[in-house]
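Enquirer: Coordinates only, no sequence provided:
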């Protein structure tokens, strides 16, 4: 009877250890590949000092241009400004000459919460392509990302075009 219980318990321990090892939940530790995934959208991310550049991507438009999507957040107490964006060497047309980056007040390009808009004329990039996007700041160092170009469909169907261009607020002039 004791031998039977010992045999069952040993079987349960082996089964539990197998599950942990096969799922990589136990043996891989804090450096497990599944624990280090950060990008949760198509957009790419970077940091320049205290400025967080989040979810940057482009949406191809029917005329060959592309609309800029992304969020820029200054997490520091020293104000800065977003002063320009270039895509594949082409200067983007932005809805204001500069955008104030105040602490924890995001500047959002495209979408329902947009405070800015930008387009890249004549980009002519195919959906699925990656293109270099360089973001320039007044004080912080510029950052270059490899952003994906998405089709103007599904979630991005309403991104771009004249209706998506918000007027620049006085704070961003």
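Expert: Arrived safely, thanks for sending. Just so it is clear, the structure is predicted and the values come from calculations on it, not from any experiment. Numbers count the residues shown, from 1 in each chain.

Enquirer: From here on, just use CA atoms for contacts and neighbour counts.
Expert: Will do.

Enquirer: what sits against the nearest residue to residue 65 once chain neighbours are set aside?
Expert: Among residues not flanking residue 65 along the chain, residue 121 sits closest, at 4.4 Å (CA to CA, 6 or more residues apart in numbering). By CA atoms under 8 Å, 6 or more residues apart in numbering, residue 121 lies in contact with 64, 65, 66, 90, 92, 93.

Enquirer: ok, now residue 145?
Expert: Contacts of residue 145 were listed using CA under 8 Å, 6+ apart, and they are 44, 45, 46, 132, 133, 134.

Enquirer: 6 Å instead?
Expert: Neighbour list for residue 145: 132, 133 [criterion: CA atoms under 6 Å, 6 or more residues apart in numbering].

Enquirer: Starting from the helix or strand in which it is found, tell me which strands it pairs with and how they run.
Expert: Per DSSP states H and E: residue 145 is located in strand 143-150. Applying DSSP bridges, strand 143-150 is found paired with strand 51-60 (parallel), strand 130-137 (antiparallel).

Enquirer: Would you indicate which residues of that strand are buried?
Expert: Neighbour counts over strand 143-150 (16 or more other CA atoms under 10 Å) mark 143, 144, 145, 146, 147, 148, 149, 150 as buried.

Enquirer: so what pLDDT did the first one get?
Expert: At residue 143 the predicted local confidence, pLDDT, stands at 98.
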